[in-house]
Each structure stands twice: as C-alpha cells, then as structure tokens.
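# 3D, please:
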Amino acid sequence: MTKLLSNKTAIVTGGSNGYGYGIAKKLKEAGANVWITGRSIEKLKTAASELNINYKRADVTSPEDWDELVKAIIEKHGQLDILINNAGGGIAIADITAQSDLDIKSSVELNLLGAIYGSKRAADLMVKQKSGTIINISSICSTQAWPGFSIYAAAKAGLEQFSRSLYVDLRPHSVRAMCITPSWGNTSFNEATGLQGFDEEVAKKAIQPDDMGKVVVDACLLPDHLIIPELTIMPMVQEIIPY
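This is a model prediction of the structure:
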C-alpha cells in the first residue's frame, strides 16, 4: 500500500482487538503514526507489538485519561490528524428490567460519552490546525431494534446524532466528522452478546476487521474538500429482521 498517510498521526480507541485492531493495522500500512488505546495493558502491548505501533492504556470514559493521551501524542508528534472513536461494548444485553442502573450508566458512558470526550479534545486541536478527521464507529442497532439491545442501541443512536452535529460544527474549520455504521462483524462482540445463528460460515461472510480498516483508510484518504458524513456497511449474508 502506498504510504499516503505518512505525515498523519492517528488514535484508534479500543484498538487491541476486533474492528479497532483492523483499523489500526490498515492505518499503519498506509503510513500513519498510530496510537491504540484500551483498558487492558496486556492486550494493548500484544497488539502494539504485532503491528509495530504506539499504545497507551486509557479508559475512554475518563476525561483525565483523554487529557493524558492527547498530551503524550502532542509531545511526541506535535499534531493529531485522525481520531477513530471505535471503543464500545454491549455491557449488558438484556431486557431493560434485567439491567442494573450501573449497567445502563456504563453502556451510555462507553458507547456515547467516551466518543464525545475524545472528539472535544481532538476538535480543539484540529480546529487550530484547520485540518483533521474524526470518525465515529456506530452500530446498525442505532437504526434497528432487537430484544435486549435497548440501551446499547440508544447510546449508538446518540452517537450518530452527535456525529451529525459535530459535522456541522467543524465543517467551517475544514475539519471532517464522519460516522460509519457497520452491521454483523466477525469480532468478539458476537460471543460477548450471545448473538444467535452466527456460525463459522456466517462469520467468514461477515464484516472482517481488515474490511473496516480499509473503509476507514479510504475515508481518511478522501480529498480534503470532500466528506462522507454517514456510511452504513452491511454484509450480504445478513437479513435484517428487527423486533
């Protein structure tokens, strides 16, 4: 791959596995200085070693962790060009009556507030640079409804609306805000949420981490005067039957 992002510095949250790993991998192949974050230092070390990239343990729900992350990147590279808000999780996939208040709070913090905290800090730098790209990774759950996904879906729907508003706020400053909404992916999310009917053959035809990486890189490589505000990605194998 041509190193078209060789002068860019990127953050990928939740970058030690799944979509985040694939995104970090493809950004690195495109030449970017890539930093991955996550809560597990051991997973981060392993992924960073495999991909030959930077890592820093950081919880996206912690504003203080965001401040420390951005400070470390600016001290080393002097700029931040790409932020991929990928970190997320189901927390508790269950009927609303079976979820604790802590489950609800944790899901909203991880799937929505974390991206808002990161976008605020990245936007502050990018507006001054008059350049930059923020990509929020949503979920098809934001537009569909399945049993047990109410809180996760609500948080992701909030992320999509936040992305639209962020686009409006940042466009005058030549900073791009996009939202990519994937559906079935071959990641650990399926096992963690107990997704039914997702066998090995289906997994092969679902969205792969490298697929997401290619999509993100292509979005980052758009001419500076162009943007794809919203993009939904579906595997052909999936039939949407909500409710």
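# right, and the helix or strand after the longest helix seen in the chain?
Longest helix in the chain, counting residues (DSSP state H): helix 150-170. Downstream of helix 150-170, the next assigned helix or strand under DSSP states H and E is strand 176-182.
# buried ones in stretch 180-189?
When burial is assessed from 16 or more other CB atoms under 10 Å, stretch 180-189 yields the following buried residues: 180, 181, 182, 183, 184, 185, 186, 187, 189. C-beta here means a position set from N, CA and C on the backbone, and glycine is covered the same way.
# Export those residues to TSV and append columns for distance to residue 16.
Putting the buried residues of stretch 180-189 into TSV (distance: CB to CB, whole Å) gives the following:
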residue	distance to residue 16
180	19
181	22
182	18
183	22
184	21
185	16
186	16
187	12
189	14
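# Pick the one among those closest to residue 202.
residue 184 (7.6 Å; CB to CB).
# Would you confirm that that closest one contacts residue 238?
Yes. Using CB atoms under 8 Å, residue 184 is in contact with residue 238, at 4.7 Å.
# With residue 67 as the reference, measure out to the residue located most distally from the centre of the chain.
Distance from the C-alpha centroid of the chain peaks at residue 97, with 28.6 Å (CA atoms, centre = their mean). With the distance defined as CB to CB, to the nearest Å, residue 97 ends up 38 Å from residue 67.
# and residue 55, how many residues sit next to it?
Per other CB atoms under 10 Å, the neighbour tally for residue 55 reads 23.
# Walk me through which strands the host helix or strand of it pairs with, and which way each runs.
According to DSSP H and E, residue 55 maps onto strand 54-57. Taking DSSP bridges as the criterion, strand 54-57 sits next to strand 33-38 (parallel) in its sheet.
# and the partner strand, average pLDDT?
With pLDDT averaged residue by residue, strand 33-38 scores 98.
# please begin residue numbering at 54 from this point
Got it, the first residue is 54 from now on, which makes the last one we talked about strand 86-91.
# could you point out which element follows it?
Strand 86-91 is succeeded, C-terminally, by helix 94-104 (DSSP H and E).
# And for that following helix, what's in contact with it?
68-70, 74, 77-78, 81, 87, 89-91, 106-110 (CB atoms under 8 Å, 6 or more residues apart in numbering).
# do the same with stretch 274-290
57-58, 83, 184, 193, 196, 213, 216-217, 220, 224, 227, 229-237, 255, 258-260, 264-265, 268, 272, 293.
# So which other helices or strands are in contact with the helix or strand immediately after the strand holding residue 108 in the chain?
Where DSSP H and E defines the elements, the next helix or strand beyond strand 107-110 is helix 116-130. Where contact means 3 or more CB pairs under 8 Å, 6 or more residues apart in numbering; DSSP states H and E, helix 116-130 is packed against strand 62-66, strand 86-91, strand 107-110, helix 167-182.
# Nothing else from me, thank you.
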